[in-house]
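[1] show me the folded form of this:
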Amino acid sequence: MNSKIFFVAALIAVSAADRRPYSYSAPDFSSEEFGPAHYNFDWAVQHSDSGNNFGHQEARDGDDTQGSYFVQLPDGRLQTVRFSVQGDSGFVPEISYEGEARYPDSFESFESFESRESRGYAPPRPVYG
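    Below you'll find the model as predicted:
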């Protein structure tokens, strides 16, 4: 009986030793093989019904990156951030605002909570036909 257990254990050891270990290493390529980065893009969203107005523009040539992004703030101003990144200098922003901030005179100018609640949900009428 002991020889059978020894034989099975030896068979398991041999089959386990035959497997290759898994390797979890980094891929064998470098970003330098593809050359310096070059790109240029821009996009914008302007939706007058919701008041959304924002966008982004960026261009890169090697280590030199220039760009800007903007957003329409809730107070009515347009915030623009112009930025540059040159090598290891880091992100260098320049922030500007267009327009003047507008705030309501008082809380009474906002629609009252009760009037908003009165518009409650009404299920659609069934249509037969």
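[2] for the helix or strand harbouring A13, C-alpha coordinates in CSV please.
    Applying DSSP states H and E as the criterion places A13 in helix 2-18. Written as CSV, here are the backbone C-alpha positions of helix 2-18 (Å, rounded to 0.1, in the frame of the first residue of the first chain):
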residue,chain,number,x,y,z
ASN,A,2,2.8,2.4,0.8
SER,A,3,4.4,1.8,-2.6
LYS,A,4,1.1,2.8,-4.3
ILE,A,5,0.9,6.0,-2.4
PHE,A,6,4.6,6.7,-3.1
PHE,A,7,4.0,6.0,-6.8
VAL,A,8,1.0,8.3,-7.0
ALA,A,9,2.9,11.1,-5.1
ALA,A,10,5.8,10.7,-7.5
LEU,A,11,3.5,10.9,-10.5
ILE,A,12,1.9,14.1,-9.2
ALA,A,13,5.3,15.6,-8.5
VAL,A,14,6.6,14.8,-12.0
SER,A,15,3.5,16.3,-13.7
ALA,A,16,3.6,19.4,-11.5
ALA,A,17,7.4,19.9,-12.3
ASP,A,18,6.7,19.7,-16.0
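[3] adjacent strands (with direction) for the helix or strand that that helix is followed by?
    Next along the chain after helix 2-18, taking DSSP H and E as the criterion, comes strand 38-47. Counting by DSSP bridges, the strands paired with strand 38-47 are strand 52-61 (antiparallel).
[4] would you mark the buried spots in the partner strand?
    Using 16 or more other Cβ atoms under 10 Å as the test for burial, strand 52-61 gives E58, R60. For glycine as for every other residue, the C-beta is placed from the backbone atoms N, C-alpha and C.
[5] quick one: residues contacting the residue nearest the centre of the chain.
    Centroid-nearest residue in the chain: H56, 12.8 Å away (criterion: Cα atoms, centre = their mean). Residues in contact with H56 (Cβ atoms under 8 Å, 6 or more residues apart in numbering) are D42, W43, A44, G67, S68, Y69, F70.
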